[in-house]
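Enquirer: missing the sequence, but the structure's below:
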């Protein structure tokens, strides 16, 4: 299988133009050096743009900008079968399809460093698909013998790709070479081993409530071979159309007709402002009047009803060269804090503080003591570790990986809904805005919300994408917008 959607020239910049669709070279002439960077950019285009945006809305990091409507449905906790179809197709064909070709080539030629790298990205992509849809084709996928592959349950897929990672780790050594890639361009397999371990830790922790993975996690933590810096595509973006950070290109760039829909949400702004979190200024730009003001989910602030124009709200501080994060040191440390909170509470606080420290370091700011110092609002509390970790992980991910924030708040249950509603802060008819009653560290029900969910609930899953269900007679019955994911206890 060979499905490329980018130019495959010798210059690295040609890989970045994800809008190009030239005639693909024949499969027999392709090598991992030619294919792998293209796969990375297609993954970055989906994970770093569409899924970052929807994750930001479902996590109440983002609200709809005044007078715009393109993402209003996300702001109201909705997702249609059509909206995710393009991303579903891209992840399955241009990412998983081409990774299969790379893995087959690498195995046949015993290029085990490349095999490991392709396996890790394959596992990562399946993790993302499962966390959107829960059930996806896996065991019969990309096999011509199964034109309508069955949809496997999420646990089967998680356990399957973890086994694939273990197999690849057994075959590769840290000194093995890896084909040309953007993620770790000057490193061998060592960094891919660390990334693999971090990914396994995340998946183990996510399914720890529904599967017995304790001994596996114990061994992984004891080994301690995790990334020492954030795993992200950085240093490969330029200020040109098709070559910039994909989220920036769609939402902020001037290369094409950009969307300009996203603004800061009151929930995140109110939480971070409550303890003067320095990351707020790193994650978001100030409004036109120099303030940090958060808008409300579930409405688009009709200009005719208020003086809260688009410039009144803050916008994400995303630049053409902003990284596309896959997993950060902060995330790993939060998972370790949770692990030790259950296993050995005496060690949990140190990892919790290390997680917050790492988040501040990634943001390029100081002042983590405002979060966890003595008497601080989010000082470590072993008796409420889920809430402390959940809220601070939600904050940390708001500037790096909004999709994972949505996953983790569904799993941990934090931030929790307070019972407040968007109407408590903004009156659509009069345009009056008053956020002084917002309860920091909580979510609220959008002004207009998904009717199936009702008050106090966030969207739990995507309906099966049209691009999948319309072509596959084995599509399962949809469980519903409010049905918890399998990894929720």
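Expert: Arrived safely, thanks for sending. This structure is a prediction, so every number in the text was calculated from the model and none was measured. Residues are numbered from 1 along each chain as shown.
Enquirer: Could you use CA atoms for every contact and neighbour count after this?
Expert: OK.
Enquirer: Would you map the helices across the stretch 101-250 of the chain?
Expert: 112-133, 154-171, 189-207, 214-223, 246-251 (DSSP state H, counting those that start in this stretch).
Enquirer: average pLDDT for the second one?
Expert: Per-residue pLDDT values over helix 154-171 give a mean of 98.
Enquirer: what's that helix packed up against?
Expert: helix 112-133, helix 189-207 (3 or more Cα pairs under 8 Å, 6 or more residues apart in numbering; DSSP states H and E).
Enquirer: which one of those lies closest to residue 221?
Expert: In terms of Cα to Cα, the element of those nearest to residue 221 is helix 189-207, at 8.2 Å.
Enquirer: which outside residues touch the closest one?
Expert: With contacts defined as Cα atoms under 8 Å, 6 or more residues apart in numbering, helix 189-207 is touched by 113-114, 116-117, 120, 124, 127, 155, 158, 162, 165, 169, 172-178, 184, 213, 217, 220, 225-227, 231, 327, 332, 335, 339, 411, 487-488.
Enquirer: repeat that with 7 Å
Expert: Here helix 189-207 makes contact (Cα atoms under 7 Å, 6 or more residues apart in numbering) with 113, 117, 120, 158, 162, 165, 173-178, 213, 217, 225-227, 332, 487.
Enquirer: just how off-centre is it within its chain?
Expert: Put simply, helix 189-207 sits 15 Å off its chain's centre (Cα atoms, centre = their mean, to the nearest Å).
Enquirer: Tell me which residues of that helix come out buried.
Expert: 189-207 (16 or more other Cα atoms under 10 Å).
Enquirer: ok, back up a step: mind putting the helices and strands packed on helix 154-171 in JSON lines, mean pLDDT and distance to residue 356 included?
Expert: What follows is these, written out as JSON lines (pLDDT from 0 to 100; distance: least, Cα to Cα, whole Å):
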{"stretch": "helix 112-133", "mean pLDDT": "98", "distance to residue 356": "24"}
{"stretch": "helix 189-207", "mean pLDDT": "98", "distance to residue 356": "17"}
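Enquirer: What segments of the stretch 1-150 of the chain are strands?
Expert: Remark: strands assigned in the stretch 1-150 of the chain by DSSP state E, counting those that start in this stretch are 62-64, 136-137.
Enquirer: want to throw the ones you listed into JSON lines with mean pLDDT and distance to residue 285?
Expert: As requested, these are arranged in JSON lines below (pLDDT from 0 to 100; distance: least, Cα to Cα, whole Å):
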{"stretch": "strand 62-64", "mean pLDDT": "96", "distance to residue 285": "13"}
{"stretch": "strand 136-137", "mean pLDDT": "97", "distance to residue 285": "38"}
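Enquirer: and those, which is most packed in?
Expert: Mean neighbour count (mean count of other Cα atoms under 10 Å) peaks for strand 62-64 among the strands of the stretch 1-150 of the chain, with a mean of 32.
Enquirer: okay, and for the stretch 201-350 of the chain, where does confidence drop off?
Expert: 256-259, 303-307 (pLDDT under 70).
Enquirer: Any buried residues in the top strand by length along the chain, and which?
Expert: Secondary structure of the chain per DSSP state E: the longest strand is strand 416-421. Buried residues in strand 416-421, counted by 16+ other Cα under 10 Å: 416-417, 420-421.
Enquirer: Residue 118 and residue 104 touch, don't they?
Expert: No: using Cα atoms under 7 Å, residue 118 is not in contact with residue 104, being 9.9 Å away.
Enquirer: okay, these two: which has more neighbours?
Expert: residue 118 (31 against 15; other Cα atoms under 10 Å).
Enquirer: Please report how far the more buried one lies from residue 154.
Expert: 21 Å (Cα to Cα, to the nearest Å).
Enquirer: And for residue 248?
Expert: 32 Å.
Enquirer: And for residue 100?
Expert: In terms of Cα to Cα, residue 100 sits 20 Å off from residue 154.
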